[in-house]
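Undergrad: sharing a model prediction with you, sequence too.
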Amino acid sequence: MKKNLYEVLRRPIITEKSNYQNDKNNQVVFEVAGYATKPMIKEAVEVIFNVEVVRVNISVLPSKKKMSGLSRRLVNRRKEYKKAVITLAPGESIDIFEGVY
């Protein structure tokens, strides 16, 4: 089951922690598809952004409950998603993460 490389990476995750990781550890964070494996993610990042990937770490973040409504009785659930922390080779960078604070 070969999927398109552009379907593996969903969106970049830009938070205070990911900005710190980008500055100090040369790491970038992406939300990835649920079926994505480490080799698939590595290949997608290397081909799409033309950078060298040293390491890929994956974590699946569970769904969370969110209260809503005036009486706080309505409960919505946020979807779970898979997150990939990608360590780039020294001197490599991805343009979408540069200058974001």
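TA: Good, I have the coordinates.

Undergrad: in which helix or strand would I find the residue nearest the centre of the chain?
TA: Centroid-nearest residue in the chain, with CA atoms, centre = their mean: residue 30, separated by 1.5 Å. Taking DSSP states H and E as the definition, residue 30 sits inside strand 27-32.

Undergrad: would you tell me what the next helix or strand after that strand is?
TA: Next element after strand 27-32 (DSSP H and E): helix 38-49.

Undergrad: most distant residue from the middle of this structure?
TA: Extreme point of the chain relative to centroid (CA atoms, centre = their mean) is residue 71; 34.6 Å.

Undergrad: could you look up the SS state of that residue?
TA: coil (DSSP: H, G, I helix; E, B strand; the rest coil).

Undergrad: separation between it and residue 77?
TA: Distance of residue 71 to residue 77, computed by CB to CB, to the nearest Å: 18 Å. The C-beta positions use only the backbone N, C-alpha and C, and glycine is treated the same way.

Undergrad: what does residue 3 give?
TA: With CB to CB as the criterion, residue 3 and residue 77 are 26 Å apart.

Undergrad: got a list of what residue 59 touches?
TA: Neighbouring residues of residue 59 by CB atoms under 8 Å, 6 or more residues apart in numbering: 82-83, 85.

Undergrad: go again using 10 Å as the cut-off
TA: If you count contacts by CB atoms under 10 Å, 6 or more residues apart in numbering, residue 59 has them with 81-85.

Undergrad: hey, what's it bridged with?
TA: residue 83 (DSSP bridges).
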